[in-house]
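A.B. asks: Provided below for reference: sequence and predicted model.
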Amino acid sequence: MTSNPSVTPIPLVRAGYEGILAMWIAVQKRSATARPDLISDADLARQCSEVLSMLLEGLASGSMDVSSPGWEGMRATLRGISLSRGRLGFGPSETALFILSLKEPLFGSLQELDPSSRIDAILELNHVIDRLGLLTSEVYQQGREEVSMRQQQEMLELSTPVVKLWDGMLALPLIGTLDSERTQVVMESLLQAIVETGSTIAIIDITGVPTVDTKVAQHLIQTVSAARLMGADCLISGIRPQIAQTIIHLGITLPDVVTKATLADAFVAALDRLGQRVVSTGATSTGR
Amino acid sequence: MGVPERLTVALRTQDDVVVLRQRVREQAVALCFSLLDQTKIVTAASELGRNAVAYAGGGEAMIEPSLNSGRVGLALTVTDHGPGIPNVEDAMRPGFTTGGGLGLGLSGTRRLVHEFDLRSEVGRGTIVRILRWK
């Protein structure tokens, strides 16, 4: 850190503010990574001026550690810019380059310092700008992770609807991978629906489950057992020929579980259990 | 059509097992496996991949097409550096499990493929190589 207050770069940066800003914007516009298609000149100028003001504020705090309280304003500004640029379609390196491109005009403003203080000042500012560049990448990464986490949660809920097929009959169409977490969600929603609707029979359709291995089979068996404890019988439907053959080779047995090839077959079997059946009225539907 | 190349899948979490299944299925489709053969090799890959994650804290899977003597097959080698299997005979017996599963993974996998080779050393890890011909 520069010990002699007379050679600190802050006054120079403050005095050269307008020049640095103009040059920074110009540097970005002529660089190969300029994206006039994504951001307007006005927005770019506003972002640059915000960052430069915050840089002065941070430097004025006396600390060169960008994680210290004096740099809170800068961190908040960069977070906002990084997230909004992410939404606009900027890649993480483009946003980092936005910050890193400040070096050239910033270092240029230090001409008046004597050579040795200038090197000190450049080294320090260089370090600060690098850290700020990294910060934008971290924020970008966090934003992406939040999106993917939310999508994962949404998928979990979306893919496990329990539908009422008939009075006292539920259907649970499973789609995708049946891992432990999914099974937990599936089981909970099924048991909840059994209580709410007073159903005595549930059809679990696995047409949309691409792979049935021993773990998936175990999860199915557990779900069926739990439903049985609640007083509901389960039928499993949608077992495709290749899945049936694979299950046999694996040595899996599904004890006391009625299985059907299609959901339609299972529906008929379930109606039968309820003592009901669908009969033809003899009349054909006339298009109304 | 280009011959599929060998590729590796790192196995650390359950999500990696999903990736492994997808890669194996892609390769099996590229080799024109029938739907049944695809399902068998994918299911076998799923069992071995999950074992590596659940019992050995992760590992690596290598998928490679086998084009020996005019026959077309898909081979999968799952390697881990976990605790190893103390008694392979027990582990291969249907119903034997140390992890609360059904205990059918290894014995079932052997029946799903044409070649099955398991080598394990306690404290060093386990290598399982399977191969299914088209």
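C.D. replies: That came through, no problem. Numbers count the residues shown, from 1 in each chain, chains lettered A, B, ... in the order given.

A.B. asks: all contacts plus neighbour counts: C-alpha atoms, from now on.
C.D. replies: Noted.

A.B. asks: State the three-state secondary structure for residue 63.
C.D. replies: Assuming you mean chain A. When states are read from DSSP: H, G, I helix; E, B strand; the rest coil, the local structure at A:Ser63 comes out as coil.

A.B. asks: actually it's chain B I care about, not the one you picked
C.D. replies: What three-state DSSP gives for B:Ile63 is strand.

A.B. asks: hmm, the lengthiest helix in chain B touching chain A?
C.D. replies: For chain B, the helix with the greatest residue count under DSSP state H is helix B:35-56. Yes - under the criterion of C-alpha under 8 Å from any C-alpha of the partner chain, chain A is reached by helix B:35-56 at B:Leu35, B:Leu36, B:Thr39, B:Lys40, B:Val42, B:Thr43, B:Ala44, B:Ser46, B:Glu47.

A.B. asks: Now do the helix or strand of chain B with the lowest mean pLDDT: everything it contacts.
C.D. replies: Per-element confidence for chain B was summarised using mean pLDDT, DSSP states H and E. The lowest value among helices and strands belongs to helix B:88-92, with a mean of 90. Here helix B:88-92 makes contact (C-alpha atoms under 8 Å, 6 or more residues apart in numbering or on different chains) with B:Ile85, B:Phe96, B:Thr97, B:Leu106, B:Ser107, B:Ser120.

A.B. asks: ok but the second one is inside a strand, no?
C.D. replies: To tie it back to what came earlier, the one meant is B:Phe96. No - the secondary structure assignment for B:Phe96 gives coil rather than a strand, going by three-state DSSP.

A.B. asks: and the gap between it and B:Glu47?
C.D. replies: Separation of B:Phe96 from B:Glu47 (C-alpha to C-alpha, to the nearest Å) stands at 14 Å.

A.B. asks: One more: A:Leu229?
C.D. replies: In this view, A:Leu229 and B:Glu47 are 29 Å apart by C-alpha to C-alpha.

A.B. asks: same deal with B:Asp90?
C.D. replies: Using C-alpha to C-alpha, one obtains 17 Å as the distance from B:Asp90 to B:Glu47.

A.B. asks: same question, B:Arg129
C.D. replies: Per C-alpha to C-alpha, B:Arg129 is found 12 Å from B:Glu47.

A.B. asks: neighbour-wise, which of those two wins?
C.D. replies: Each of B:Arg129 and B:Glu47 has its neighbours counted (other C-alpha atoms under 10 Å in any protein chain shown); B:Glu47 has more, 22 against 18.

A.B. asks: List the contacts of that one.
C.D. replies: Contact partners of B:Glu47, counting by C-alpha under 8 Å, 6+ apart, are A:Asp213, A:Thr214, B:Gly105, B:Leu106, B:Thr109.

A.B. asks: can you confirm A:Ala171 is in a strand?
C.D. replies: Yes - under three-state DSSP, A:Ala171 sits within a strand.

A.B. asks: Not counting its neighbours along the chain, what's nearest the closest residue to chain B within chain A?
C.D. replies: Nearest to chain B, among the residues of chain A, is A:Leu250, at 3.7 Å (C-alpha to the nearest C-alpha). Spatial nearest neighbour of A:Leu250, chain neighbours left out: B:Gly108 (3.7 Å); criterion: C-alpha to C-alpha, 6 or more residues apart in numbering or on different chains.

A.B. asks: check contacts around the one you found.
C.D. replies: So B:Gly108 contacts A:His249, A:Leu250, A:Gly251, B:Ala44, B:Pro94 (C-alpha under 8 Å, 6+ apart).

A.B. asks: quick one: whichever strand or helix holds it to chain centroid distance?
C.D. replies: Assignment of secondary structure by DSSP states H and E places B:Gly108 within helix B:105-112. In this view, helix B:105-112 has its centroid 10 Å away from the chain centroid, taken as C-alpha atoms, centre = their mean, to the nearest Å.

A.B. asks: what does stretch A:52-62 give?
C.D. replies: The chain centroid and the centroid of stretch A:52-62 are separated by 33 Å, computed with C-alpha atoms, centre = their mean.

A.B. asks: So for chain A, the centremost residue is which one?
C.D. replies: A:Ser148 (1.5 Å; C-alpha atoms, centre = their mean).

A.B. asks: got a pLDDT number for it?
C.D. replies: A:Ser148 carries a pLDDT score of 86 in this model.

A.B. asks: just how off-centre is the helix or strand harbouring it within its chain?
C.D. replies: In this assignment (DSSP H and E), A:Ser148 forms part of helix A:115-158. Here helix A:115-158 shows a centroid-to-chain-centroid distance of 17 Å under the convention C-alpha atoms, centre = their mean.

A.B. asks: can you tell if it touches chain B?
C.D. replies: No - contact between helix A:115-158 and chain B, assessed by C-alpha under 8 Å from any C-alpha, is absent, since the two come no nearer than 11.6 Å.

A.B. asks: Same question for stretch B:93-110: list its buried residues.
C.D. replies: Under the neighbour-count criterion of 16 or more other C-alpha atoms under 10 Å in any protein chain shown, stretch B:93-110 has B:94-97, B:102-110 buried.

A.B. asks: Check stretch A:187-198 too.
C.D. replies: Neighbour-count burial for stretch A:187-198 flags A:Met187, A:Ser189, A:Leu190, A:Leu191, A:Ala193, A:Ile194, A:Gly198 (criterion: 16+ other C-alpha under 10 Å).
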